[in-house]
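Colleague: the amino acid sequence is not available; the structure is as follows:
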């Protein structure tokens, strides 16, 4: 029987998700329409998003120590969390 590869492993793990997160925010901040929405995001938020994605994609939970459902709130905010939970 062949073992299943997690999405986390398929995308290249935490380092790849850090690059994805960093690249996403670099492009968003360079966009004149989107930049104001993301203007207050910090480097620590960019790291948090990468770690959260790693957890959601099947990586370890060592940094946040929460389930996928619990990890959504700190990243997307309480307003969206309620909609995601439905």
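Modeller: Received, thanks. Computed from a prediction, not measured in an experiment: that's the story for all the values here.
Colleague: any stretches of this structure with poor pLDDT?
Modeller: The model of the chain has pLDDT under 70 over residues 1-3, 61-86.
Colleague: excluding sequence neighbours, find me the nearest residue to residue 9.
Modeller: Nearest non-adjacent residue to residue 9, counting by C-beta to C-beta, 6 or more residues apart in numbering: residue 58, 7.4 Å away. Every residue, glycine included, has its C-beta placed from N, CA and C.
Colleague: now for that neighbour: which residues touch it?
Modeller: 6-9 (C-beta atoms under 8 Å, 6 or more residues apart in numbering).
Colleague: okay, and it sits in which element?
Modeller: In the assignment (DSSP states H and E), residue 58 maps to no helix and no strand.
Colleague: now the phi/psi pair for it, please.
Modeller: The phi/psi pair for residue 58 (degrees, to the nearest 10) reads phi 100, psi 10.
Colleague: how close does it get to residue 22?
Modeller: 21 Å (C-beta to C-beta, to the nearest Å).
Colleague: which residues of this structure fall in strands?
Modeller: With DSSP state E as the criterion, the chain has no strands.
Colleague: show me the longest helix that occurs in it.
Modeller: The helix that spans the most residues within the chain, counting by DSSP state H, is helix 13-30.
Colleague: give me the nearest residue to residue 7, chain neighbours excluded.
Modeller: residue 57 (4.2 Å).
Colleague: again with residue 29
Modeller: Using C-beta to C-beta, 6+ apart, the closest residue to residue 29 is residue 35 (5.2 Å).
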